[in-house]
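Have a look at this prediction, sequence included:
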Amino acid sequence: MIIGVLGTILLVRIAVFSESGQLIDAEATEVLHARQEALEPLLSALGTISTGTVAVALAACVVLALIRRRFAAAGAAVLIVGGANVTTQLIKATVDRPDFGNGFGSHNSLPSGHTTVTVSIVLAALLVAPVGLRALTVALGAFAIVFIGMSTVVAGWHQTSDVLAALTVTLAWSGLAVLLLSLRPTERPRGGIGAFFLAAFGAVAAVIALVVTGVRPYDGWHGVEPALTVLAVIMGGTALTIAWFARLSSAHAR
């Protein structure tokens, strides 16, 4: 939880309130692009993220938990999804982005709402999923987070830091949820390494899907290195977030 809170504060401080941070963020955001025909499937995927999507996905998590008589996990799933998404909207509404006259504007888009929805639903699903489905949830969840997160960047909706902030905000709330669950006697957390590699596999698959869709480095072959760097940061952050939560939530899995 503390890592998520500190990570969010650090991202706001650097990417929003720092002139050099805004510049680095803008450069990172522009390393990938897609032509109009390639943007259409990305925009279609982003269009699936809505208030109705959140409600249906969260309801499915809660119903699954209740059917399996995991009442505390159902409440924790609601806390993760509700807390993360409300916090994201509050940050976007209350944090003003300074305009340093560098042409980046004064509109704050951090954190990404679409990415927060995706991350929070994935972690909620991982919390309530049966043990036999946790590995699949990790891999598919990482795929969804990277694909949706990078789609918001390529479509010009968000900055790279906005995607990272969505991870840290959800990380904070998921940490609080697990902390509250831990007030009851549980087993010791276990695993984490396997979940990291599964999440990394899902993240790589998402990048491959983006490339197949038509996403390319902005400067062609000369832009491969910065594009890979940005992708590595997003993929690494996603894999670490899911692996960390997979380990903590393993004490409550059954």
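Happy to help now that I have it.

got a list of what the closest residue to Ala172 other than its chain neighbours touches?
Nearest residue to Ala172 in three dimensions, chain neighbours excluded: Gly4, at 3.0 Å (Cβ to Cβ, 6 or more residues apart in numbering). Yep, even glycine has a C-beta here, placed from its N, CA and C like the rest. Going by Cβ atoms under 8 Å, 6 or more residues apart in numbering, Gly4 touches 168-175.

Next secondary structure element downstream of whatever helix or strand Gly4 lives in?
For Gly4, the host element (DSSP states H and E) is helix 2-11. Reading on from helix 2-11 to the C-terminus, the next helix or strand found by DSSP H and E is helix 19-29.

Identify all contacting residues around that following helix.
With contact meaning Cβ under 8 Å, 6+ apart, helix 19-29 is reached by 13-16, 97-98, 100, 102, 104, 153, 158-161, 226, 229-230.

Strands of the stretch 1-150 of the chain, start to end?
Remark: strands assigned in the stretch 1-150 of the chain by DSSP state E, counting those that start in this stretch are 32-33.

In it, mark out all the helices, start to finish.
2-11, 19-29, 36-47, 51-67, 71-94, 113-128, 131-154 (DSSP state H, counting those that start in this stretch).

quick revisit: give the buried subset of the contacts of helix 19-29 as a PyMOL selection command.
Per 16 or more other Cβ atoms under 10 Å, the buried members of the contacts of helix 19-29 correspond to this PyMOL selection:
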select buried, resi 15+16+97+104+153+158+159+160+161+226+230
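
residues contacting Gly105?
97, 99.

residues contacting the residue nearest to Pro130 when sequence neighbours are not counted?
Of all residues not flanking Pro130 in the chain, Arg68 sits nearest, at 7.2 Å (Cβ to Cβ, 6+ apart). Counting by Cβ under 8 Å, 6+ apart, Arg68 touches 128, 130, 254.

Tell me if I'm right that the last one and Gly132 touch.
No - look at Arg254 against Gly132 with Cβ atoms under 8 Å: they stay out of range, at 10.6 Å.

circling back: pull out the buried positions in the helix holding Gly4.
4-5, 7-8, 11.

And the residues you listed, which is closest to Gly75?
Gly75 has its nearest neighbour among the buried residues of helix 2-11 in Gly4, at 19.2 Å by Cβ to Cβ.
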